[in-house]
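okay, sequence plus prediction incoming.
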Amino acid sequence: MKNMDFTNPEFTNVSITRGVTLLQPSRGLLQTIRAAFTPDSLERLYQSYLRRRKQQNMLMLMTFAALFNSFVVVMCAVVYAKHKRAMVVVAVVGLAADLVFHELYRRQKLPESAVWRGAVPYVLWLMVTVHVLCYTGLNFQHVSQASDSVGWQAFFSFSAFLTLPLNLAALLLLSGLSCGIHVLLLGLTVAQRFEDNAQGPMLVRQLAANVMLYLCAASVGVMSYYMSDRKYRTAFLEAHQSLEVKLTLEEQSAQQEELLLSILPKHIADEMLQGLKNQANENQVQQQQEQQPQQFNTMYMYRHEHVSILFADIVGFTQLSSSCSAQELVKLLNELFARFDKLAEVSSRRWRRPGDVTDDVTSLSSSHNVLCSTLCSFHCCVSYVREKTKTEVDMRVGVHTGTVLGGVLGQKRWQFDVWSTDVTVANKMESGGIPGRVHISQSTKECLHGEFKLEPGNGGERCEYLLEKGIKTYLVLVPENKPATLCQGVIWMNGSHSVGVPNDLAGNAYYQLRFSSPACLLFPNPQRCRLVGEQVINMRLQRELLERETQQILKNRLHPVSLRFVDGKLEARYSSEKEKRSGAAFCCCAIVLLFITAVEVFIDPLLVANYVSLAIGEVLLLILTVCSLAAIFPRFFSKKLVSFSLWIDRTRWARNAWAMAAIFVLTMAVIAVMLSCVPPHLRLINGTSDVALDALGECAENPKHYSFMAVMSLMAAAMLVQVSHLIKLSLMLLVVTATGAVNIHSWRGIYDLYDFMHFASYRASMVPSKYLMTTMTIVMMISLYLFGRHLERQSRELFLWKVGVHDQKEKVLEMRRWNEALVTNMLPEHVAKHFLGTKKRDEELYSQSYEEVGVMFASIPNFSDFYTEESINNGGIECLRILNEIISDFDSLLDRDEFRNITKIKTIGSTYMAASGLTPKSSSNGHGGRHKEQTLLEHWQHLADLADFALAMIVTLNSLNKQSFNNFMLRIGLNKGAVLAGVIGARKPHYDIWGNTVNVASRMESTGVMGNIQVVEDCFDILKFYGFRFVRRGPILVKGKGELLTYFMKGKEKNTGDVHPQTTLPHQAVHVF
């Protein structure tokens, strides 16, 4: 058994979607027809759907029955006689029953029990069968012939396959039963009138011809059942697909919202998402109109007052990260920050985790109890994690209350950040605090309203900034009885901190994307999970189908007469739709011609025209059929024929011409045989009024059968797909007009003689057979036209559903595009694939070890002098707008091909952090291997790219300075070595790196000189081979590292062929040690 994508509605073996399977063996017609959905619950749901969809079809069968009884009443009333009274009464009663049953069924007034719903198709079949048998027995009781009501029996046999919501076996059984009863009734009644056995062979041939007509109707009916079943199953699958799309859309929407709101406040997230879409539209318009892009990048920044800012730093984190593996470190940080995340559920909002630091911003407008709980709970969480992880973890916490500017800067690695002088004070409160204690300012104390006992903090003794600003500080005394619930909570949002925060801090968070069904969370057993999931999907699917059926989707969208869509574009799409069952419809024409020929052989085996019309007609019809099937089975035909077949299917006028040709060939084959039948001559016997036939032709003995052949042609016309109901009407008019013309004009003598010979004593009270047959074909044409019109409305309705599914798919794809853009804007691509590619459990944390990575910190030290919160700068927002332009320009450099190996980590205030070599191939924990055969230059090319990026940043900033009349300068530090990378936290995605390499790179920046790029000796030893020029600075004292020999990178040689061959840094006065 082969699995195939369920989006392809035409199945050859198996189609599976979320445990839903459609089996369709390709061997044998009956096996194919018996194809059913698995599991059985879905098949039952489909059968329920099919009954509802065919409800209107059954109404059409009731309409057919009413038209038949009307035909009987009219034919009896035109030439009324006393012996027709019983027939008229039965027909009127039948007509009334048809109309009452039609209205009760249409208004859904019938009993709604399952037994009654299942019995309705059989009751309707019984009513129609009784109508036909009553017409046969009562209307022709005195002059029974083997052709009595044969056309009606064949017509209703075919109609049952079209309209009754029964399986094929039941339809074949009912059709065989009704046709068998009809043949038996005719055989017995006609045989009783024979005076001798000479007429026996003719009766047998006539009954055999009747059987051929019934078999033709049943064969075409089986094909119609197959086509209808495939159409409804396709529609059912499309409904299932629509549900899948909706579920996917819901998942994608929830995923996107969770991802965004884990990092950004909702109002910012909504504005940024809309900004992304607007920017895409503006870029498209600019490309079309060749307009200049907007001058400034979009910035999302808002002012917040009465806000408490909390900084918490892990004491001894550098030593801890150096003494444990990547997995252990990620697990530890995840455990710690998960507890922190759960604290801020009420109203506090975590802006960022810079490595071993957590920043919280709490709005005091809601309740000061939030801040109180946070202060106490931080100590609780640290104790909990220290006990669980068996590590000496401690934290230094600082809190300050004031005003912040909150928003997002840059175009890549979005993160919510806060800026203001008060944020800087909060940061200094942490750095001037004491491990294991909460250090708060005077403004925060005033917000606590005496909830905690405090003691003097003396922060000025540990932090020069606090002493300079004269900020009075306090230490919180933690209550002995800590509420147990303080360490329990859920969700926060991500962010960062302000200008001037130390750069040796690298942040992280963890985000888990969930795709699992809720049922699988309740039922871990896979089989139980699957069964529950199927039930949930089936319930949703049933509700979806019911919603569809109650929608008036076609209202005001179709022309009332032509049924064409009012929307021209929609009509063009509908016209170009490929119908894969069109080949089966043309096959019906060839099958009908075969059965018509068989009927003619039984009626008049010596008529040569039968065989000529069969040969010519079958050849032409086979050509038409092959041309139609070539597009369905392209492997078996030449490319030119396949292209021609596709052109026919996609071109409306060619498709209509093909259908007209098929019906024209079929009709002309019947008409040619009819015209080849020569009317017999009359002669008198012994001078009496008796007459006898001279050279009687057998076709003239059974003229009605040729009208029945026309009925078969009408059925073939009704089977055509992808053809307008008006085209079908014109084709059926062709059949009826041609047959009626022959009956009334060319065969008037044959019919007159037939009536004279068989109905001599009742001619005055009977409608002439030529008019009766012509009227019969007209009524059947009207019935089939009404059904064709109804079928086209259904087809257009299904098409609109299909369009709806397509539109939902486009929405899903668009959602995925925006979702991927957001994910990759916050996580590196390979990290995003790790979380988006497969289903993850909460404990599956992402962590990687890298042995050879380049790390860069680039700050703008003099931006803090530029930043002011005066009203002329809109409270500092206009200053941040300049910073946004700088960071955005730096981000745009990463789009260049030469910097593809560089990953932006984050921005910390006015500091830009990036790294190189963070690719799966370069990881050292089993997720890829480095090629040992690489040369040294190839080995460290990513570090050279990072150095080029640093030079390009300086050039970019100088260019922006000229445009904005500013004098910003970069201070850059580079280092290379091993790092730990990962994504941690309870719910928040934030990729970051840790390790001694990161700390040294940060110290290279903080101890550097503005306008220079400072590197350690290890970097100098590598980068000098790439043509970079250096000036030896000498040993410098680095906190926690002792003395390190450093160099200033001054540019790059011209002959290196690099993209920045002329980059040279301005001369700086430096101290050489």
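Cool, got the structure.

grab the nearest non-local neighbour of the residue positioned nearest the centre of the chain.
Closest to where the C-alpha atoms of the chain average out (C-alpha atoms, centre = their mean) is Lys809, at 3.2 Å. Of all residues not flanking Lys809 in the chain, Val245 sits nearest, at 5.7 Å (C-beta to C-beta, 6 or more residues apart in numbering). (C-beta placed from N, C-alpha, C; glycine too.)

need the contact list for the closest residue to Thr911 other than its chain neighbours.
Closest residue to Thr911 apart from its sequence neighbours, by C-beta to C-beta, 6+ apart: Ser859 at 4.1 Å. Going by C-beta atoms under 8 Å, 6 or more residues apart in numbering, Ser859 touches 503, 910-912, 970-972, 1005-1006.

need the contact list for the residue nearest to Lys809.
Going by C-beta under 8 Å, 6+ apart, Val245 touches 805, 808-809, 812.

how would you label the residue nearest to the centre of the chain: helix, strand or coil?
Under DSSP: H, G, I helix; E, B strand; the rest coil, Lys809 falls in the helix class.

for Glu244, see how far away it is.
Distance, Lys809 to Glu244, using C-beta to C-beta, to the nearest Å: 10 Å.

and for Leu213?
46 Å.

neighbour-wise, which of those two wins?
Each of Leu213 and Glu244 has its neighbours counted (other C-beta atoms under 10 Å); Leu213 has more, 27 against 23.

wait, the more buried one sits on Glu600?
No - Leu213 lies out of contact with Glu600 (C-beta atoms under 8 Å); the separation is 11.3 Å.

ends of stretch 963-972, how far apart?
In stretch 963-972, first residue to last residue: 22 Å (C-alpha to C-alpha, to the nearest Å).

export stretch 585-603 to CSV, keeping only CA atoms.
Taking C-alpha atoms only, stretch 585-603 is exported to CSV below (Å, rounded to 0.1, in the frame of the first residue of the first chain):
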residue,chain,number,x,y,z
ALA,A,585,-18.4,11.0,-20.0
PHE,A,586,-17.2,10.6,-23.6
CYS,A,587,-16.8,6.8,-22.9
CYS,A,588,-20.6,6.8,-22.1
CYS,A,589,-21.3,8.0,-25.7
ALA,A,590,-19.3,5.0,-27.1
ILE,A,591,-21.1,2.6,-24.7
VAL,A,592,-24.5,4.0,-25.6
LEU,A,593,-23.8,3.5,-29.3
LEU,A,594,-22.8,-0.1,-28.7
PHE,A,595,-26.1,-0.8,-26.9
ILE,A,596,-28.1,1.1,-29.5
THR,A,597,-26.5,-1.1,-32.2
ALA,A,598,-27.4,-4.2,-30.1
VAL,A,599,-31.0,-3.0,-29.9
GLU,A,600,-31.1,-2.4,-33.7
VAL,A,601,-29.7,-5.9,-34.3
PHE,A,602,-32.4,-7.5,-32.2
ILE,A,603,-35.1,-5.4,-34.0
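
relative to the whole chain's centre, how far out is that stretch?
Taking C-alpha atoms, centre = their mean, to the nearest Å, one finds stretch 585-603 lying 45 Å from the centre of the chain it belongs to.

for the stretch 901-1050 of the chain, what spans make up the helices?
For the stretch 901-1050 of the chain, the helices defined by DSSP state H, counting those that start in this stretch cover 936-939, 941-964, 996-1006, 1017-1023.

Met709: how many residues sit nearby?
With other C-beta under 10 Å as criterion, Met709 counts 31.

most packed of the helices of the stretch 901-1050 of the chain?
Comparing the helices of the stretch 901-1050 of the chain by mean neighbour count (mean count of other C-beta atoms under 10 Å), helix 996-1006 comes out on top with a mean of 25.

quick one: mean pLDDT over it.
Helix 996-1006 carries an average pLDDT of 92.

which elements pack onto it?
helix 317-322, strand 846-859, strand 971-983, strand 1013-1016 (3 or more C-beta pairs under 8 Å, 6 or more residues apart in numbering; DSSP states H and E).

report the angle between it and strand 971-983.
150 degrees (axes from the mean of the first three to the mean of the last three C-alpha atoms, to 10 degrees).

could you list the domains of the protein?
Domains of the chain are assigned by the TED database as 35-193+200-245+561-683+698-810, 300-349+367-413+415-477, 840-920+936-1052.

nearest to Arg543, out of those?
Taking C-beta to C-beta, domain 35-193+200-245+561-683+698-810 is the member of those nearest to Arg543, at 9.0 Å.

and of the helices and strands packed on helix 996-1006, who's closest to Leu951?
Closest to Leu951 of the helices and strands packed on helix 996-1006 is strand 1013-1016 (C-beta to C-beta; 7.5 Å).

alpha carbons only: can I get the closest one in PDB?
Output of strand 1013-1016 as PDB, limited to C-alpha atoms (Å, rounded to 0.1, in the frame of the first residue of the first chain):
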ATOM      1  CA  ILE A1013      39.000  47.900  17.200                       C
ATOM      2  CA  GLN A1014      40.800  46.200  20.100                       C
ATOM      3  CA  VAL A1015      41.700  42.500  19.800                       C
ATOM      4  CA  VAL A1016      43.700  40.000  22.000                       C
END
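
list the strands paired with that strand, with their directions.
strand 971-983 (parallel), strand 1042-1052 (antiparallel) (DSSP bridges).

distance between it and the chain's centre?
For strand 1013-1016, the distance from its own C-alpha centre to the chain's C-alpha centre is 51 Å (C-alpha atoms, centre = their mean).

what's the spacing between Leu61 and Asn901?
Look at Leu61 and Asn901: by C-beta to C-beta, they are 71 Å apart.

quick one: which of those two has more around it?
The neighbour count for Leu61 versus Asn901, taken as other C-beta under 10 Å, is higher for Leu61 (25 against 19).

secondary structure element for that one?
Taking DSSP states H and E as the definition, one finds Leu61 inside helix 55-78.

if you count neighbours, what's buried in that helix?
55, 57-73, 75-76 (16 or more other C-beta atoms under 10 Å).

skip ahead from it and say which helix or strand is next.
helix 85-106.

and that following helix, how far out from the chain middle?
On C-alpha atoms, centre = their mean, the centre of helix 85-106 falls 49 Å from the chain's centre.

can you list contacts of it?
Contacts to helix 85-106, defined as C-beta under 8 Å, 6+ apart, come from residues 55, 58-59, 62-63, 65-66, 69-70, 72-73, 76-77, 80, 109-110, 120, 124, 127, 130-131, 134-135, 138-139.
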